[in-house]
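1. Output the structure for:
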Amino acid sequence: MKSIKLNSLILIALLMAVLVGCEDTFLNETNYNKITSDDYYTTASGIKSGVNGLYGRLRYLYTTEAAVNMCENNTDMFVPPMSTGYMKIDPNTGFVRDFWNACYITINQCNALIQALNNTNIVGLSDSLRIRYLGEARFIRAHHYDHLVKQFGDVPMPLKPSVGIVTTSRRVRSDSVWNQIITDLQFAIKHLPANYVSAEYGRVTRYAAMQNLAKVLLTARRNEHQSIQLALNYADSILNSGNFALANIKDLWDISKQRTPDVIQEVIFPVLYSKDVILNGDGNRAHLYFVSAYSEQHSGVIRSIEYGRGWDRLKPTKYAYRMFLNKDIDIYSKAKLLDARATYWFQTSWNINREAGYVYSSIMYDPVLKVDRVVYQSVGSKAMMAPFGDFTPDDCKAVWPTWVYLPDSMKNVVGNNIQSLSSPNATWPSNVKFYNHLIFPYINKYLDPTRPDVNYEAGSKDVFVYRLAETYLIAAEAAFLLEDFEAAVYYLNAVRKRAERDDLSSPQFFDKMLITKEDVTADFILDERGRELIGELNRWYDLKRFGKLEERMKWPDIYYDNPVTWYNYWLRPIPREQLLRITNPQDFPQNPGYSN
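-> Sure thing, here's the model as predicted:
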């Protein structure tokens, strides 16, 4: 595949200035929401600012705490670290309300633009640009309805802008919502360009619309052979376009390389952020949510920009960690895992990082001298590690005095068999500990070490909503449903070969990630999506689409405490705030299983 063609990469600030237009879009968001087509969308400059403002609105979805909780938390991949099981939600849950409101505010702005573009004589706006703007607005509207219908089922579906206070509302059947989403995305595919000049990187292309529609068809038309074939055709159109290629696995989540040709050649639909404080608004705060409270474990390790500011909102499940392991091949003692995603996409070690000249000291039982002794560690020494694999006693001894946090699954193996002055002949050395709700390996996809200080929340890391690796996985899923297992293997192996550890000193790893058609099952494809797309706001939707949500949420190895034995939450609750603001509640029933 060819790399995406770019003549040059412009400065981030200039790129964002092109995308968001005037500063009012971000500085005066409330006033912007009150603008209607009658008083603003009558000029070419007003329309341009309005369309660019829609891209700013995407930041209220990607990647907010509400979206993370709605799409990733409480799945087979993540649970709340301090939860004793499933985190229950109800109509009063704040992140449910925030998700709902963010989607409908953006939809209303889309509707205002669509109405103006369809019905207003806009001086100075060419017909070709008008059609393109319509494609952008209809894509963004469809994209938000896609989220809403998957989360809530039947939802209100306004297609015209609301002005003033709206006191009545009705839910529209989900099949009608899906039909509108498909219509909007088909329009976008027909009328959006394949690419833009480099200065407009970040705008929606026809390939983004194809990827969105392929996923919609796999969800809403899963039992229709023709629709699944169409989803595969869209995926193949992207893969064969010559515009995209898989990036280097080491660079994909490196913020210093996020706008380089090697990385953006994989990106099909990004949401852009900026280092300009004015243009960046609240910034990308996703760097906060997945990071553990690592600084609360070891007095030599403090919060740092490198390791992130841990809000400790999501912890990978025991099953999620195991998904990345290949026990017959992985060399745990040398930190060599076959699946390079486990190596490069997770934070698994922390060094002494206090002020210059600091020396950490502690008393530990020495596994060689068989005595308690004072251990000294200077800045830069490895303080803690949390390996994926099941380390052996010799593995732990080899890195002593570094604290080794073993997976929870090792607790029964180790038990109390840890060396100390009173137990000198125990099997495990004194540096052994276990994952807990404050320390565990966490994904680094959203880490932003370019922030000015560790407490600064407004990150500037772009969000990759759609990328080529997922295109391969969409194609694999469609091919599997069409019973073309050889094709499914081809698509899956494209992703897995990129993920294979590239280590010339370990030839035993070569091609070991590749699979055959005997390996291809629905569960395998679902898990490959989990491995590749962990943390990228797909998992709850994937579990529903594959029909695995209830089954997997009952698995005991999902939870660290109190596994769930009953689960029937296929839909989220309608926010109570929405039910209280309307005067016709009899026409707006709550979803099953929730009170009003």
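
2. So in terms of bridging, what pairs with Val271?
-> Under DSSP bridges, the beta-bridge partners of Val271 are Val463.

3. Spit out the contact partners of it.
-> Tyr55, Leu58, Arg59, Leu61, Tyr62, Gly202, Asp462, Val463, Val465 (Cβ atoms under 8 Å, 6 or more residues apart in numbering). To be clear about C-beta, it is placed using only N, CA and C from the backbone, and glycine gets the same treatment.

4. if you set the cut-off to 7 Å instead, what comes out?
-> Contacts for Val271 (Cβ atoms under 7 Å, 6 or more residues apart in numbering) come out as Leu58, Arg59, Tyr62, Asp462, Val463, Val465.

5. Looking at those, which one is closest to Ser256?
-> Distance to Ser256, by Cβ to Cβ, is smallest for Asp462 among these, at 12.0 Å.

6. where's that closest one relative to Gln258, distance?
-> 5 Å (Cβ to Cβ, to the nearest Å).

7. For burial, what's the neighbour tally of the closest residue to Gln508 other than its chain neighbours?
-> Leaving out its chain neighbours, the residue that sits closest to Gln508 by Cβ to Cβ, 6 or more residues apart in numbering is Ile329, at 7.0 Å. Residues lying near Ile329 (other Cβ atoms under 10 Å) number 16.

8. In stretch 298-314, which residues are buried?
-> 298, 300-305, 307-314 (16 or more other Cβ atoms under 10 Å).

9. ok, Asn233 to Ala214 distance?
-> On the measure of Cβ to Cβ, Asn233 and Ala214 end up 8 Å apart.

10. So which of those two has more stuff around it?
-> Neighbours were counted for Asn233 and for Ala214 using other Cβ under 10 Å; Ala214 has more, 29 against 14.

11. who touches that one in this structure?
-> Here Ala214 is in contact with Ala231, Tyr234, Ala235, Ile474 (Cβ under 7 Å, 6+ apart).

12. so what's the third one closest to, chain neighbours aside?
-> The spatial neighbour of Ala235 that comes closest, neighbours along the chain excluded (Cβ to Cβ, 6+ apart), is Ala475 at 3.9 Å.

13. On the three-state scheme, that neighbour is what?
-> Here Ala475 is recorded as helix under DSSP: H, G, I helix; E, B strand; the rest coil.

14. how about it, what does it touch?
-> Counting by Cβ under 7 Å, 6+ apart, Ala475 makes contact with Leu232, Ala235, Asp236, Leu239, Tyr491.

15. per-residue pLDDT, it?
-> pLDDT recorded at Ala475 is 98.

16. For the residue most central in space within the chain, give me phi and psi.
-> What sits nearest the mean C-alpha location of the chain, by Cα atoms, centre = their mean, is Glu536, with 1.5 Å. Per-residue torsions, Glu536: phi -100, psi 30 (degrees, to the nearest 10).

17. What distance do you get for it to Thr565?
-> For Glu536, the distance to Thr565 - Cβ to Cβ - is 29 Å.

18. List just the nearest of the contacts of Val271 to Tyr207.
-> Looking across the contacts of Val271 and measuring by Cβ to Cβ, the closest to Tyr207 is Val465, at 12.2 Å.

19. wait, is the closest one part of a strand?
-> Yes. Judged by three-state DSSP, Val465 forms part of a strand.

20. Skip the chain neighbours and tell me the closest residue to it.
-> Here the residue nearest Val465, using Cβ to Cβ, 6+ apart, is Phe269, at 4.5 Å.

21. And the one you found, how close does it get to Ser174?
-> Distance of Phe269 to Ser174, given as Cβ to Cβ: 24 Å.

22. do Gln265 as well
-> The separation that Gln265 has from Ser174, given Cβ to Cβ, amounts to 36 Å.

23. So what are the sheet partners of the helix or strand hosting Met364 and their directions?
-> Using DSSP states H and E, the element containing Met364 is strand 359-365. Using DSSP bridges, strand 359-365 pairs in its sheet with strand 372-378 (antiparallel).

24. Distance from the chain centre to the strand it pairs with, please.
-> Mean-position distance between strand 372-378 and its chain equals 40 Å (Cα atoms, centre = their mean, to the nearest Å).

25. and if you look at stretch 376-394?
-> 28 Å.

26. wait, Val375 sits on Trp400?
-> No. Checked against Cβ atoms under 7 Å, the pair Val375 and Trp400 is beyond contact range at 8.8 Å.

27. ok, how many other residues are close to the spatially closest residue to Leu337 that is not a sequence neighbour?
-> Of all residues beyond its chain neighbours, the one nearest Leu337 is Asp330 (4.9 Å), with distances taken as Cβ to Cβ, 6+ apart. For Asp330, the neighbour count with other Cβ under 10 Å is 21.

28. Likewise for Tyr62?
-> Quick note: Tyr62 (other Cβ under 10 Å) scores 20 neighbours.

29. Can you tell me which of the buried residues of stretch 298-314 is nearest Gln578?
-> Comparing the buried residues of stretch 298-314 against Gln578 with Cβ to Cβ places Arg313 closest, at 24.5 Å.

30. Could I get the contacting residues of the nearest residue to that closest one once chain neighbours are set aside?
-> Counting by Cβ to Cβ, 6+ apart, Arg313 lies nearest to Tyr289, which is 4.2 Å off, once chain neighbours are set aside. Tyr289 makes contact with Glu65, Val68, Trp311, Arg313, Leu314 under the criterion Cβ under 7 Å, 6+ apart.

31. For the second one, pull up the helix or strand it's in.
-> In this structure, Val68 is located in helix 65-71 according to DSSP H and E.

32. For that helix, which helices and strands make contact with it?
-> Here helix 65-71 touches helix 94-119, helix 539-545, going by 3 or more Cβ pairs under 7 Å, 6 or more residues apart in numbering; DSSP states H and E.

33. could these be laid out in JSON lines, adding distance to Thr168 and mean pLDDT?
-> Formatted as JSON lines, the helices and strands packed on helix 65-71 follow (distance: least, Cβ to Cβ, whole Å; pLDDT from 0 to 100):
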{"stretch": "helix 94-119", "distance to Thr168": "15", "mean pLDDT": "96"}
{"stretch": "helix 539-545", "distance to Thr168": "30", "mean pLDDT": "98"}
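
34. got those as JSON lines, with mean neighbour count columns?
-> What follows is the helices and strands packed on helix 65-71, written out as JSON lines (neighbours: other Cβ atoms under 10 Å):
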{"stretch": "helix 94-119", "mean neighbour count": "20"}
{"stretch": "helix 539-545", "mean neighbour count": "21"}
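
35. Columns distance to Pro441 on top of those helices, output as TSV?
-> Below are these laid out as TSV (distance: least, Cβ to Cβ, whole Å):
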stretch	distance to Pro441
helix 94-119	25
helix 539-545	17
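
36. Nearest approach to Asp339 belongs to which of these?
-> From those, taking Cβ to Cβ, the stretch that ends up closest is helix 539-545, at 17.8 Å.

37. what's that closest one in contact with?
-> So helix 539-545 is contacted by 70-72, 75-77, 150, 218-219, 526, 529-530, 549, 552, 570 (Cβ under 7 Å, 6+ apart).

38. now do 6 Å
-> Cys71, Glu72, Thr75, Met77, Lys150, Thr219, Arg529, Leu549 (Cβ atoms under 6 Å, 6 or more residues apart in numbering).

39. Report the two of those residues separated the most.
-> Across those, the longest distance by Cβ to Cβ is 18.6 Å; it joins Met77 and Thr219.

40. And the two? Which one has more around it.
-> Met77 (29 against 18).

41. doesn't Ala320 make contact with the more buried one?
-> Yes. Between Met77 and Ala320 there is a contact under Cβ atoms under 6 Å: 4.5 Å.

42. Leaving out chain neighbours, which residue sits closest to Pro556?
-> Nearest to Pro556 is Pro563, by Cβ to Cβ, 6+ apart, at 4.1 Å.

43. Just give me the neighbour total for the one you found.
-> Pro563 has 14 nearby residues by other Cβ under 10 Å.

44. cool, and Ile558?
-> So Ile558, with other Cβ under 10 Å, has 22 neighbours.

45. who touches it in this structure?
-> So Ile558 contacts Asp76, Thr317, Tyr319 (Cβ under 6 Å, 6+ apart).
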